[in-house]
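**Student:** Quick one: sequence and predicted model below, then my questions.
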Amino acid sequence: MALGLIVCGVGGRMGGAVVRAAAQTAGVRLVAAIDKPGSSRLWKDAGDISGAGHLGVEVTDKIQPQLKPNRVIIDFTNPEASLGYLAVAAQKAAPLLIATTGFNSKQLAEIKRLSRRTPTILSANTSLGVNVLVALLGKAAKLLGEDYDVEIIEAHHRFKKDAPSGTALALGRSVAEALNRDLDKIGINGRKGIVGERSRKEIALFSVRAGDIVGEHTVIFGGIGERLEFIHRAHSRETFARGAIRAAQWLAKQKPGLYSMQDVLGLK
């Protein structure tokens, strides 16, 4: 039996990409499409609005009636909407992949609490390549040690609302944890003015917002006499969509708890 996918935020760029990817992936099928109340896309066909071709799945703003066995929710929306979907999912122990970014500490604590009642993945980036990079950076940082400065540059489209990106923060945390540092304390967002010499432990994150850049991340390890760079470039949103579907297939078999893409790929 094919795994049923419930896509939240179906009218957004990533929601549409997931619908298109699902239509091309064996073993899964779109069974429900959710959009915000009042959206002009409500009651239209999810395939038609996403460019996947007519699928016979009508967009709705009610998720609870869709929570049935052998279904997984994929959520690319915003922090407030994601928490609402998770609260409903927790009542039915419905697996949920949250690929939204921009959560504050209070919201993250609520996700951790609710995930005790339903299988939940929280991931700032569902690209398989990015998550392999997260794992590699920790190993590189341990091997290079304290003598290399770490700088992170991320670039996204002009419409992205949060900065630095959730992916850049995940990359920074991977390095910081490997070096026994706290990114919340030593991380800085850009530089301006006479800031003095760079401190040895700081990790700087720089954000670029321009045009329709899908997503680019560069992590620099700068030593005296050499520089090592790790670069990931997303060519299209389909890479995130395919990663999300793979994660949903994995999540459908898990017990309640909070997971990450590192768990999906067996990198932990």
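**Tutor:** Thanks, I have it.
**Student:** Strands of the stretch 101-250 of the chain, residue ranges please.
**Tutor:** 119-122, 149-156, 187-189, 203-209, 215-223, 226-234 (DSSP state E, counting those that start in this stretch).
**Student:** Contacts for the shortest one next, please.
**Tutor:** Which is strand 187-189. 163-164, 172, 176, 202-207 (C-beta atoms under 8 Å, 6 or more residues apart in numbering). Heads up, the C-betas are built off the backbone N, CA and C, glycines and all.
**Student:** Among the residues you listed, name the buried ones.
**Tutor:** 163-164, 172, 176, 203-207 (16 or more other C-beta atoms under 10 Å).
**Student:** tell me, how many neighbours does residue 119 end up with?
**Tutor:** 22 (other C-beta atoms under 10 Å).
**Student:** ugh, typo on my part, it should be residue 8
**Tutor:** By other C-beta under 10 Å, the residues close to residue 8 number 28.
**Student:** Please tell me I have it right and it contacts residue 78.
**Tutor:** No - in this structure, residue 8 is not within contact of residue 78 by C-beta atoms under 8 Å, at 10.2 Å.
**Student:** Could you export the strands of the stretch 101-250 of the chain as a markdown table, including mean pLDDT and distance to residue 257?
**Tutor:** Shown next, in a markdown table, are the strands of the stretch 101-250 of the chain (pLDDT from 0 to 100; distance: least, C-beta to C-beta, whole Å):
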| stretch | mean pLDDT | distance to residue 257 |
| --- | --- | --- |
| strand 119-122 | 98 | 7 |
| strand 149-156 | 98 | 29 |
| strand 187-189 | 95 | 28 |
| strand 203-209 | 97 | 29 |
| strand 215-223 | 97 | 28 |
| strand 226-234 | 97 | 28 |
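**Student:** for those, which one sits closest to residue 22?
**Tutor:** Closest approach to residue 22 among the strands of the stretch 101-250 of the chain (C-beta to C-beta): strand 119-122, 16.7 Å.
**Student:** Now do the same contact list for residue 196.
**Tutor:** Residue 196 touches nothing, counting by C-beta under 8 Å, 6+ apart.
**Student:** Which residue ranges of the protein form helices?
**Tutor:** Assigned by DSSP state H, the chain shows helices spanning 13-23, 46-50, 79-92, 105-114, 128-144, 166-178, 183-186, 238-251, 261-264.
**Student:** Mean confidence (pLDDT) on the fifth one, please.
**Tutor:** Helix 128-144 carries an average pLDDT of 96.
**Student:** That one packs against which elements?
**Tutor:** helix 166-178, strand 215-223, strand 226-234, helix 238-251, helix 261-264 (3 or more C-beta pairs under 8 Å, 6 or more residues apart in numbering; DSSP states H and E).
**Student:** okay, the ones you listed in a markdown table with distance to residue 31 next?
**Tutor:** Output for the helices and strands packed on helix 128-144, formatted as a markdown table (distance: least, C-beta to C-beta, whole Å):
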| stretch | distance to residue 31 |
| --- | --- |
| helix 166-178 | 27 |
| strand 215-223 | 28 |
| strand 226-234 | 27 |
| helix 238-251 | 12 |
| helix 261-264 | 21 |
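**Student:** That concludes my questions; thank you for your assistance.
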